[in-house]
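>>> using only what follows, build the 3D model:
(one chain, ligands or ions: 1)
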Amino acid sequence: MALWCERNELKLNTGMAGVIVGHPLDTVKVHLQTQNMNNPKYKGTIHCLRSLLVKEGLKGVYRGVTSPPYGSCWHKRHCQKNRLQVNKSASKGPVDCLREIYVNDGIKGVFKGCGVTIGREVPAFGVYFFTYELLTRSENNVPISTWNMILAGGLAGVASWIAIYPIDVIKSKMQVDGISSPQYTNSYDCLKKSIKNGGVSCLFRGLTPTLIRAFPVNAVTFTVVTWTMRILSGDGLKETESILERYADVVCTLKVTENSPS
Ligand SMILES: NC(=[NH2+])NCCC[C@H](N)C(=O)O
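Numbers count the residues shown, from 1 in each chain. Okay, the predicted model is just below:
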C-alpha cells in the first residue's frame, strides 16, 4: 500500500510532461464521448482534433489543463473537469467553472459522476499496476532495462483503459448531464439510454485517442517513477558507480596497451 501511494505521488509529480502531450487527446476523447449520438458533430479523432484547432486554436484542445487536480487533488478532476473541457458553460477557467456548477447545482453538481468515477478507478488502477508488475518481473532481482520500463508502462496504460472504457464513457456523460434538467437519473439509466440511442458501439466512442495518448503518457510516467525510485533507493547510484568503475578499467587497460612496447 505504501509503495502504491509512493508511486502514485511520484507519478502525479512527474506526470506534467505527459499532461502536456496527452491533454489534447483527452479533450478529443471527452468530445467524442459526450456528443449527441443521433447527430454526431465529429466523425472521429482526426476530424475532432482538426475542428477544435481550426475553431479555437490551441486554447480549444488545452481547455481544462490548468485544473487543480494535476497537482495534488486529482480526485476533483474526475468530478468536474469534463464540463470545462466540453465548455457547456460559459466559464473562463477551472475556478469559475467550479463556482458556476456550485451556484447552479450545489454540492451535488460538483460531485456528479463521482460514484461511477470511483467505480472506474478501482479496477483501472488494479489492471494498471498488475500489468506493469507482471511485465517487469525479473529473476534474481536483476534490474530491468529502460526499454522494458517503456514497453511495460505503455502497455499498462493501454490495458487499464481498455478494461474500463465503457465505464469512462458513462462517467463523462453523467458529468456533462448536470443537475437542473438531467437526462439520466443514475449511471445505470445512462447506460440503458445510451445503448438504446447509440447502440453498444457508443460505449467505445473516443477509444482511439485514449489509447494513442495512453501509451506514451504512461510509458514516460512509469519510466520516470521507476528510475526515481531506483536512484532514491541507492541502487541507481550503485549502478552508476559500477559503470564508472568499468569505464575507468577500460581507460587504464587502453593506457597500458598504448605505453607498452610493441
Ligand atoms: N483508466 C485509468 N484510469 N487507468 C489508470 C491510470 C491511467 C493514467 N493515469 C492515464 O491517465 O492514462
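>>> list the contacts for the residue in the stretch 1-150 of the chain that the ligand sits nearest to?
Nearest to the ligand in the stretch 1-150 of the chain, going by C-beta to the nearest ligand atom, is Ala124, at a distance of 3.4 Å. C-beta coordinates here come from the backbone N, C-alpha and C atoms, glycine included. Counting by C-beta atoms under 8 Å, 6 or more residues apart in numbering, Ala124 touches Ser160, Trp161, Ala163, Ile164.
>>> now those residues in TSV, with neighbour count, secondary structure and pLDDT?
As requested, these are exported to TSV (neighbours: other C-beta atoms under 10 Å; DSSP: H, G, I helix; E, B strand; the rest coil; pLDDT from 0 to 100):
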residue	neighbour count	secondary structure	pLDDT
Ser160	24	helix	98
Trp161	21	helix	98
Ala163	17	helix	98
Ile164	21	helix	98
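>>> which ones among the residues you listed also lie next to the ligand?
Ser160, Trp161, Ile164 (C-beta under 6 Å from any ligand atom).
>>> now flag whichever of those residues is closest to Leu98.
Nearest to Leu98 among those: Ile164, at 25.4 Å, using C-beta to C-beta.
>>> just the element for the nearest residue to that closest one once chain neighbours are set aside, please.
In this structure, Ile164 finds its nearest non-sequential neighbour in Ala124, 4.6 Å apart by C-beta to C-beta, 6 or more residues apart in numbering. Using DSSP states H and E, Ala124 sits within helix 114-135.
>>> and that helix, what's its mean pLDDT?
Averaged across helix 114-135, pLDDT comes to 97.
>>> identify each buried residue in that helix, please.
Cys114, Val116, Thr117, Arg120, Glu121, Ala124, Val127, Tyr128, Phe129, Thr131, Tyr132, Leu135 (16 or more other C-beta atoms under 10 Å).
>>> columns distance to Tyr188 on top of those residues, output as a markdown table?
Below are the buried residues of helix 114-135 laid out as a markdown table (distance: C-beta to C-beta, whole Å):
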| residue | distance to Tyr188 |
| --- | --- |
| Cys114 | 16 |
| Val116 | 10 |
| Thr117 | 15 |
| Arg120 | 15 |
| Glu121 | 18 |
| Ala124 | 19 |
| Val127 | 23 |
| Tyr128 | 25 |
| Phe129 | 28 |
| Thr131 | 28 |
| Tyr132 | 32 |
| Leu135 | 35 |
